[in-house]
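Student: build me a structure from this.
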Amino acid sequence: MDNNSPPLKDTFTYTITDADGDTSTTTIVIDIKGNTDYPPVAVNDSKEGTRDANGKAQKVTQKVTENDSDADGTIDKTSIKIVGADAGSNGKTKTVAGEGVWTVDDTTGEITFTPEDGYTGNTRSEIDNRLEEDRKFG
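Tutor: Got it, this is the predicted structure:
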C-alpha cells in the first residue's frame, strides 16, 4: 500500500465437506487497515533562562519532544537535528556569533543553549529542529 491507502475489506464464503458428505459453510472477513504510518508532529517549544548574580546568562536545556507526538508513539529522540546547524556537526550543533552555542544531546534529544563567556545580553534566538519516528519493521 502507498502512504494514502484507504482501508480494505474483503468477505468470502466457503464450504467444507467431511468423508460422510456432511457440509458446513462459513464466512471469512478480512480487514486491512489503511495507512497509520504518519510522520511525527513537532510542536514549538519555549523556555526562559536565568542569570547569575553578575547578570551573566546561564545555560538552558529544553526537552523538545515533551509536547511532540507520533501516531504510533515511536519518536526517535536520537533523530533530533538542528536545522541550519554548523557544517560537520551532523545537525547537532549551531553557533550563534556573539551569543552562544546550541547543542543536541545524542541520547535524550534535549537541546541546550550555552551562552558565550561573559554574555549578558538578551537572546531571543530561535532555532528549528526536526525529529523522526523510530521505524522498526518486524
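Student: show me what contacts residue 16?
Tutor: 23, 24 (CB atoms under 8 Å, 6 or more residues apart in numbering). C-beta here means a position set from N, CA and C on the backbone, and glycine is covered the same way.
Student: low-confidence regions, the protein specifically.
Tutor: Scanning the chain for pLDDT under 70 picks out 1-6, 34-37, 121-138.
Student: switch to 80 and redo it
Tutor: Within the chain, the stretches with pLDDT under 80 are 1-8, 31-39, 71-73, 118-138.
Student: what ranges do the strands span in it?
Tutor: For the chain, the strands defined by DSSP state E occupy 8-17, 23-32, 60-62, 75-83, 93-96, 100-104, 111-115, 128-133.
Student: residue 45 is nearest to which of those?
Tutor: Between residue 45 and the strands of the chain, the tightest spacing by CB to CB is seen for strand 60-62, at 5.3 Å.
Student: sorry, back to before: which one of the strands of the chain lies nearest to residue 49?
Tutor: strand 60-62 (4.0 Å).
Student: show me what that closest one is in contact with.
Tutor: 45, 47, 48, 49, 50, 110, 111, 112, 113.
Student: what separation do you get for the residue lying closest to the last one once chain neighbours are set aside and residue 46?
Tutor: The spatially closest residue to residue 113, leaving aside those adjacent along the chain, is residue 60, at 4.9 Å (CB to CB, 6 or more residues apart in numbering). Going from residue 60 to residue 46 by CB to CB, to the nearest Å gives 11 Å.
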